[in-house]
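Participant: Here's my sequence, what's the structure:
(2 chains)
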Amino acid sequence: MSAARTNAREGGRWLGVYVLAYLVFLYLPVALIPLFSFNNSIQAAFPLQGFTLQWYGTLFGNSALSGALANSLVIGVIAATGATLCGITVSYMDLYGRSPLAATISAIARLPILIPGVIVGISLLILVNLIGFGPSRIAIVLGHILVALPTTVVIMRSRFAAIPKTIREAALDLGASDWTTFRRVMLPLSLPAIGSAFMLAFLTSFDEFIVAFFLAGTEPTLPLYIWSQLRFPKSLPTVMALGTAILAVSFVIAAFAEILRHRGLGAQRTAPADLPKPQQTERGELQWHST
Amino acid sequence: MSTFVATEPPRTSPGFRLAMLLPGGLVTFFLILFALGLVLFLAFRGNDGSLLGAGFTLANFAMVASDPLYWTVTLRSLAIAGLVTLATVVTAYPVAYYLAFHAGRRRGLLLFLVTLPFWTSYLLRVFAWKIVLAYNGVLNSALIESGIWSEPTLAFLNTPAAVIVTLAHAYAPFAILPIYVALDTIPKSLLEAASDLGARPFTSFRRVVLPNSMPGVLAAALVVFVPTVGDYVTPALVGGPASTMIGTLIQAEFGKANDWPFGAALSVAVMLVILCVVLVVRFADRRFGSRT
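Facilitator: Predicted structure coming up:
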């Protein structure tokens, strides 16, 4: 018995080494982008030629780049707002709407996972041409709402499902209307998850290339700008400096979203019973008590 | 899942329902179903340069089915996506296993680290491999610097192998989470029972853990397979002409070649292939006893 346990621990240690190697594989290629963005050479090759910040200097005063950045930010915020709104309503109605229509919408909303990006892109390209406004920033916003929708639905659905059912029932029993229950009880309780869903939807849009490629008119997003620069070997260092900045922003936003989501899950874990003890509750529950 | 709605009083106001169903309803029915319907419609039309084509025809599908080029490219896409799926799932499984059974207090941090690349730019992850594999790139220069090779080689970039490695790396974070969830939800009593009944660790893994984690493995395979089979970015950046994939052809039909009906027919063919894969996965999932 104890021999078996030692065996298991030994196995666990080897697995730990494997996981470490896996993480190196996961991060090493991406880590090369920041590494060579500080390298004083136009080529990404060893040996390193010395430290420089000149490639970051080329990022400033570039009107094409700043235009693409502005496009990406605007599209990202609008698409994330739309995807989060849809994620909230779709998952709420899926859980509490008690209608086959709501369940169908929720199922279809998660469908884009099973459609390759190229097909999402061309189907929307046909659609926006049919409507009339054609490839444009609005078209990209629509595409990015679709791409981010499965994420927001999954996050919001798991959050709503984790709220003890008695809280909503109590609100309804005390005479609150559907709308009041939703706005004053369920939404405040799921605020961290909403923030997390919004940020991850924004990141999805901000980094998205495959769908935006088909839907962009004359105003490219940041990934499309990078794509256009990849043809020129001379702009390789600039792309690496830009890529480093994008990676840094993505890491910070993703980490923040993860912390928020964790806070939501933490609230869920400390409230497994239908009547949580006040000292165990986190901010979400306290807000609920005060309203 | 649906049991906890059974007791509540049936009083939802129509206005609230409408307002809550509208955003999701618009997006799902208009942007997803209607747009996909347009692709299907266009696939049966002839190309006359107008947006929705002219006349009804099966010529597009006849062309897809009869021209060996499309068979070659489709089979290549399936082979590449299949290998990428196999590689990501097999390499992700031990990581998910460690997370579920051995990680202890480091679990939260490790989960965060393996999912973080998921939220970074896909284009940048592919671009990273371009600078690794290029002729005067990172790998060649590192091999020469360390004295292993004396000449840089062209053998890395512009090969199907480069596409497989790059895609396997780009989609690696997709596979871990579904497998981890499946492993984590296996009741611990099953493992205790196996060990009490005298199963050695490996037998217990093979007969209890592996079959019970199959729903997660299948879900992981699906979320890796679908985006890779339609990918056109990776072949364009690191693949070269020998690794043209079906996504590349679709992109070309809606771009340079400008034959949208034919591109739509190719898209329908891809969706049919994915549908077959989904059906096979569902069938397998049921055999392993789905817990989802």
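
Participant: Tell me who's in contact with the residue in the stretch 101-250 of chain A that chain B sits nearest to.
Facilitator: Taking C-beta to the nearest C-beta as the measure, the stretch 101-250 of chain A has A:P116 as its residue closest to chain B, at 2.4 Å. The way it works is simple: take the backbone N, C-alpha and C, and place the C-beta from them, glycine included. Applying C-beta atoms under 8 Å, 6 or more residues apart in numbering or on different chains to A:P116 gives the contacts B:V226, B:P227, B:V229, B:G230, B:D231, B:G247, B:V270, B:I274.

Participant: Look at it and report its pLDDT.
Facilitator: Here the pLDDT value assigned to A:P116 is 93.

Participant: likewise A:Q279?
Facilitator: 37.

Participant: for A:A4, same thing?
Facilitator: The per-residue pLDDT reported for A:A4 equals 54.

Participant: show me where the stretch 51-200 of chain B has helices.
Facilitator: For the stretch 51-200 of chain B, the helices defined by DSSP state H, counting those that start in this stretch cover B:59-66, B:68-101, B:107-115, B:122-133, B:138-145, B:160-170, B:172-184, B:188-196.

Participant: B:D67: neighbour count?
Facilitator: A count of neighbours around B:D67, defined by other C-beta atoms under 10 Å in any protein chain shown, yields 11.

Participant: And it, how far from B:L272?
Facilitator: According to C-beta to C-beta, to the nearest Å, B:D67 and B:L272 sit 17 Å apart.

Participant: Show the contacting residues for A:P29.
Facilitator: B:R125, B:A128, B:W129, B:V132, B:H169.

Participant: which one of the helices of the stretch 51-200 of chain B lies closest to B:G49?
Facilitator: With C-beta to C-beta, the closest approach to B:G49 among the helices of the stretch 51-200 of chain B belongs to helix B:59-66: 15.1 Å.

Participant: Chain neighbours aside, what residue packs nearest to A:V120?
Facilitator: The shortest distance from A:V120 to any non-neighbouring residue, by C-beta to C-beta, 6 or more residues apart in numbering or on different chains, is to A:V211 (5.3 Å).

Participant: Ok, A:L48 next?
Facilitator: In space, and not counting its chain neighbours, A:L48 is closest to A:N39: 5.2 Å by C-beta to C-beta, 6+ apart.

Participant: Helix or strand with the lowest mean pLDDT in chain A?
Facilitator: One helix or strand of chain A scores below all others by mean pLDDT, DSSP states H and E: helix A:283-290, with a mean of 33.

Participant: what mean pLDDT does the strand or helix carrying B:L21 have?
Facilitator: B:L21 is part of helix B:14-25 when elements are defined by DSSP states H and E. Mean per-residue pLDDT for helix B:14-25: 90.

Participant: do it and chain A meet?
Facilitator: Yes - Helix B:14-25 comes into contact with chain A (C-beta under 8 Å from any C-beta of the partner chain), by way of B:F16, B:R17, B:M20, B:L21, B:L22, B:P23, B:G24, B:G25.

Participant: show me where pLDDT drops low in the stretch 51-200 of chain B?
Facilitator: Counting by pLDDT under 70, not a single residue of the stretch 51-200 of chain B qualifies.

Participant: Which positions in whichever strand or helix holds A:P150 come out as buried?
Facilitator: Assigned by DSSP H and E, A:P150 belongs to helix A:137-162. For helix A:137-162, burial by neighbour count (16 or more other C-beta atoms under 10 Å in any protein chain shown) applies to A:137-160, A:162.
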